[in-house]
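Asks: What would the 3D arrangement of this be:
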Amino acid sequence: MEGRVLVTGANGFLANHLVRDLLAEGYTVVATVRDLSDPVRTERLQHHASSLGCPERLELREADVLDADPWKDLLAGCDGLFHTAAVFSLSGNSDVILNTANLGTEHLLKAAAETGVNRIVYTSSTAAVGSGPRGRPKDEDDWQSGSSMPYTAAKTESEQRAWRIAKEHDLDLRVINPTAILGGGFSRPPPSVDWMPDLLSGAWPVIPAIPMAFVHVEDVAHAHRMAYEVDEAEGRFVLAPHSGMTMVDVARTARRLRPESKAPKRSLPRRLLPVAVFYDWLMGLRTGERTLTRAVVRGYMRGDSLYSSSKAERVLGMTWRSFDACVEDTIRAFEER
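Replies: Okay, here's the model as predicted:
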């Protein structure tokens with residue numbers, strides 16, 4: 001399919017797969033990164049174009065979503081926009097996370113409206129869908145409420161802002177809500193997979209039974225393109241084919257796929273999660289980084305990880321890579337680094 005589209009945050013885990021998918025289907029891609037002089041941000045994208053034999057259809061541009069100025073020029077001549085750029089952190093600076101999400105959304109969507117780019121695919125998250133109530137699969141009609149996690153609040157606020165701007169400017173907005181993304185093909189390990197080496201090496205003596213749902217990065221990239229191409233697509237699309245799971249399922253699958261690994265065999269019951277929070281706090285004193293804060297645990301444990309992906313299957317024609325493939329491809333990516 002021919003066409004010219006812009007992809008923000010193109011060096012990201014999801015976005016670089018999306019760029020490859022779009023190039024493979026014949027699109028010309030304007031791919032933005034924050035720093036063109038950083039080879040980590042550009043080499044994988046250039047490799048995609050080179051390996052597909054279409055370097056002339058990849059246009060790398062430098063831009064920051066916090067800066068409103070460049071986007072009208074970058075969108076000029078484009079047929080569509082994929083806005084994927086975001087800060088993914090469970091415990092990072094809340095102002096940075098919120099500003100990147102909210103200001104970035106406002107700058108991109110208003111620039112699209114002013115340049116006549118009507119069809120937009122926006123990357124949100126099941127963080128904006130929420131995890132409650134327990135026992136019922138959550139779908140596109142559900143919204144997160146009352147979370148104290150900066151990332152969750154940012155994804156919810158920015159998606160709601162996107163819908164308001166789209167309504168105000170009559171934009172054709174389609175939103176993708178993936179859950180935790182696994183797989184390979186990253187320049188820097190993103191937070192959704194950067195814990196895998198610790199899990200395999202035995203750094204965790206036990207695994208907390210935190211509710212999680214998973215999807216393969218290549219399926220998420222494909223869903224973005226289908227949401228753009230299918231005229232009947234509208235609204236939100238939850239991508240959570242492997243739902244109702246916990247981190248224990250990841251450890252169990254990793255041990256089966258890599259019997260020589262030291263993935264933990266014992267799980268930490270829900271009632272003992274405060275112990276894991278205390279351990280994480282102690283480790284944070286040494287490393288300066290926190291992952292399993294009390295706010296994070298409260299956010300996870302208020303609900304469950306049951307979701308329905310039936311709309312994506314019905315409207316976008318989605319089929320899914322297996323959970324084994326999700327874990328295998330993630331492990332292999334670290335083995336090949």
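
Asks: most remote residue from the chain's center?
Replies: Going by C-alpha atoms, centre = their mean, the residue of the chain most distant from its centre is E260, 30.0 Å out.

Asks: State the distance from it to Y151.
Replies: Using C-beta to C-beta, to the nearest Å, we find E260 at a distance of 34 Å from Y151. (Glycine included, C-beta is placed from N, CA and C.)

Asks: Equivalent analysis for G185, please.
Replies: Distance, G185 to Y151, by C-beta to C-beta: 22 Å.

Asks: of the two, who's got more company?
Replies: Higher neighbour count among G185 and Y151: Y151, with 24 against 16, using other C-beta atoms under 10 Å.

Asks: Strands of the stretch 151-300 of the chain, start to end?
Replies: With DSSP state E, counting those that start in this stretch as the criterion, the stretch 151-300 of the chain has strands at 172-178, 180-182, 207-208, 211-216, 235-239, 242-246, 267-268.

Asks: between the first one and strand 211-216, how many degrees?
Replies: Counting by axes from the mean of the first three to the mean of the last three C-alpha atoms, to 10 degrees, strand 172-178 lies at 120 degrees to strand 211-216.

Asks: For strand 172-178, name the packing helices and strands.
Replies: Strand 172-178 makes packing contacts with strand 119-123, helix 150-169, helix 217-229, strand 235-239 when contacts are defined by 3 or more C-beta pairs under 8 Å, 6 or more residues apart in numbering; DSSP states H and E.

Asks: Try it again at 6 Å.
Replies: Strand 172-178 is packed against strand 119-123, helix 217-229, strand 235-239, with contacts defined by 3 or more C-beta pairs under 6 Å, 6 or more residues apart in numbering; DSSP states H and E.

Asks: again with the fourth one
Replies: Using 3+ C-beta pairs under 6 Å, 6+ apart as the contact criterion, the secondary-structure elements in contact with strand 211-216 are strand 180-182, strand 242-246.

Asks: Output the helix ranked longest in the chain as PDB, nothing but the C-alphas.
Replies: Counting by DSSP state H, the longest helix found in the chain is helix 94-115. The C-alpha atoms that make up helix 94-115 are tabulated as PDB, following Å, rounded to 0.1, in the frame of the first residue of the first chain:
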ATOM      1  CA  SER A  94       5.800  12.300  37.300                       C
ATOM      2  CA  ASP A  95       6.100  15.700  35.700                       C
ATOM      3  CA  VAL A  96       8.300  14.400  32.900                       C
ATOM      4  CA  ILE A  97       5.900  11.500  32.300                       C
ATOM      5  CA  LEU A  98       2.800  13.600  32.400                       C
ATOM      6  CA  ASN A  99       4.200  16.500  30.300                       C
ATOM      7  CA  THR A 100       5.500  14.100  27.600                       C
ATOM      8  CA  ALA A 101       2.200  12.400  27.400                       C
ATOM      9  CA  ASN A 102      -0.100  15.400  27.600                       C
ATOM     10  CA  LEU A 103       1.800  18.100  25.800                       C
ATOM     11  CA  GLY A 104       3.000  15.700  23.100                       C
ATOM     12  CA  THR A 105      -0.600  14.600  22.400                       C
ATOM     13  CA  GLU A 106      -1.800  18.200  22.200                       C
ATOM     14  CA  HIS A 107       1.100  19.300  19.900                       C
ATOM     15  CA  LEU A 108       0.700  16.400  17.500                       C
ATOM     16  CA  LEU A 109      -3.000  16.300  17.200                       C
ATOM     17  CA  LYS A 110      -3.400  20.000  16.800                       C
ATOM     18  CA  ALA A 111      -0.700  20.100  14.200                       C
ATOM     19  CA  ALA A 112      -2.400  17.200  12.300                       C
ATOM     20  CA  ALA A 113      -5.700  19.200  12.300                       C
ATOM     21  CA  GLU A 114      -4.000  22.300  11.000                       C
ATOM     22  CA  THR A 115      -2.200  20.400   8.200                       C
END
